[in-house]
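**Student:** need a 3D model of the sequence below.
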Amino acid sequence: MPIGEFGGAPPLASEGSPVLTTPMYWMYEMAHASLNPARAVTDATKILFQNPLNPWAHTEMGKSIAAACELFERTTRRYGKPEWGLDETEVNGIRTPVEVRAIWEKPFCRLLYFDRKLTRPLRAPQPRLLIVAPMSGHYATLLRGTVEAFLPTHEVYITDWADARMVPLAEGRFDLDDYIDYVIEMLRFLGTNMHVMAVCQPAVPVLAAVSVMEAERDPFAPISMTLMGGPIDTRRNPTGVNNLAQERGIDWFRNHVITKVPFPHPGVMRDVYPGFLQLNGFISMNLDRHVDAHKALFANLVKGDGDQVDKHRDFYDEYLAVMDLAAEYYLQTVETVFIRHALPKGEMTHRGVLVDPSKVTRVALMTVEGEKDDISGLGQTEATHGLCSSIPDHRRVHYVQPGVGHYGVFNGSRFKSEIVPRINDFMLSAADPKSLLAIAAE
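**Tutor:** Prediction:
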């Protein structure tokens, strides 16, 4: 999330005053609307200078004008929710169509199932995996590579969290307790023989949900729990973004980043941490890199380097697509996880009941960290093993992936070649009651 995963929001001009944050969203909408005429003119100019019948289109000046128009359009665009684009996978060497459909839904989340249209029955059932995506500003499609890596060998489900500005106020609030409830409800809906994986921010609520289910001896508790790059104990090897929460305090976040959704969005008047403000925080962390990337885009557009242009478009179409977070969820998470460290201190509660990870006895545990993770520092996820003290040693494993940062924990070539096989082995072993989980974690 913006605290603990992507960095904090930029400071505002008026320290400690909610006066500016109240109309902030409304001013943003007005500014965006005011750009529509300029965007229309720019779009028409781009079409003109890309038309092969226009002799200027084949000149350096014409290409530069068209490139500048595209840069203006892309930097002023509001990016919508990306598509999954996972139309097929390979199962046992056979190309298999995939249909993405919602099978469970509540106001703030849909549960998506990647239905593989198998042409022949499998020799043995494959593990069923629920991936809990971060509710952290970006859409669940940020985990497209994660889903793609598991599709050949698993039945995959993923949480598709809703943009808070699209949820009517009448649907009620959504906080960290609700998040935990949603995870429990989804696991019960999916039934037995499930594995759950939390990527980054949801490591805390997933651990809490499993702890609650184990304390109640819930028969629908998952077989295994895999936590990847999550902020279980941010006191360990704290990063810059972890320290931000400690330095600012919860009142600063409440006064500076919370605003109300304006008309005509369905969630009008809902308190949110808006996506555009989160995006400001994301970009400001590595501003030079983003500026250089757009300079390179301009140069590649002029040169006609289609491969590099497509790579830029694909990355930024995903990166710049952001959603609003419900204010109560965001503030409760910042306070509970990053300021009070309630879970590792044994003080976290769910609906007034203490969350006790030591109650977890039946669920196998795997934690994964990146050696160079500068968002969830090394050791923060490993702390889970100390909290889940009742899990037998032969049903737990910790793995540190050398040479990767935060995003390399759940995406990229090393994730696919080195992390995924280990997780596969772990889940298969966890489902086998006779196995001692002899996993090579080194």
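
**Student:** C-alpha from now on. contacts and neighbour counts both.
**Tutor:** Fine.

**Student:** now do the same contact list for Tyr329.
**Tutor:** Contacts for Tyr329 (C-alpha atoms under 8 Å, 6 or more residues apart in numbering) come out as 174-176.

**Student:** quick one: low-confidence ranges for the protein?
**Tutor:** 1-22, 433-442 (pLDDT under 70).

**Student:** center of it - which residue?
**Tutor:** In the chain, the C-alpha nearest the mean C-alpha coordinate belongs to Pro134, at 3.4 Å (C-alpha atoms, centre = their mean).

**Student:** pretty sure that residue sits against Gln201.
**Tutor:** Yes: here Pro134 reaches Gln201: they are 5.4 Å apart, a contact under C-alpha atoms under 8 Å.

**Student:** helix/strand/coil for Asp373?
**Tutor:** At Asp373, secondary structure determined by DSSP: H, G, I helix; E, B strand; the rest coil is coil.

**Student:** for it, which residues are in contact?
**Tutor:** Asp373 neighbours (C-alpha under 8 Å, 6+ apart): 229, 404-406.

**Student:** 7 Å instead?
**Tutor:** Applying C-alpha atoms under 7 Å, 6 or more residues apart in numbering to Asp373 gives the contacts 404-406.

**Student:** what are the ranges of the helices in the stretch 51-200 of the chain?
**Tutor:** For the stretch 51-200 of the chain, helices defined by DSSP state H, counting those that start in this stretch occupy the ranges 60-76, 144-150, 176-190.

**Student:** so what pairs up with Met197 in the strands?
**Tutor:** Going by DSSP bridges, Met197 is paired in beta bridges with Ile131, Thr226.

**Student:** now do the contacts for it.
**Tutor:** Shown in contact with Met197 (C-alpha under 7 Å, 6+ apart): 130-132, 225-227.

**Student:** check whether Tyr113 really touches Tyr157, as I assumed.
**Tutor:** Yes: here Tyr113 reaches Tyr157: they are 4.6 Å apart, a contact under C-alpha atoms under 7 Å.

**Student:** who's more crowded, those two?
**Tutor:** Tyr157 (25 against 19; other C-alpha atoms under 10 Å).

**Student:** so that one touches Asp115, yeah?
**Tutor:** No: between Tyr157 and Asp115 there is no contact under C-alpha under 7 Å: 9.0 Å.

**Student:** returning to that earlier point: with secondary structure as extra columns, can I get the contacts of Asp373 in CSV?
**Tutor:** Below are the contacts of Asp373 laid out as CSV (three-state DSSP):
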residue, secondary structure
Val404, coil
Gly405, coil
His406, coil
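
**Student:** which single one of those is nearest to Arg236?
**Tutor:** Within these, the smallest distance to Arg236 is 15.7 Å, found for His406 (C-alpha to C-alpha).

**Student:** and the closest one, what does it touch?
**Tutor:** His406 is in contact with 229, 370, 373-375, counting by C-alpha under 7 Å, 6+ apart.

**Student:** just those residues now: which is nearest Leu428?
**Tutor:** Closest approach to Leu428 among the contacts of His406 (C-alpha to C-alpha): Gly229, at 21.5 Å.

**Student:** if I look at the closest one, how far off is Val368?
**Tutor:** 6 Å (C-alpha to C-alpha, to the nearest Å).

**Student:** more crowded one of the two?
**Tutor:** Each of Gly229 and Val368 has its neighbours counted (other C-alpha under 10 Å); Gly229 has more, 32 against 26.

**Student:** check contacts around the more buried one.
**Tutor:** By C-alpha under 7 Å, 6+ apart, Gly229 lies in contact with 199-200, 368-369, 376, 381, 406, 409.

**Student:** thanks a lot, catch you later.
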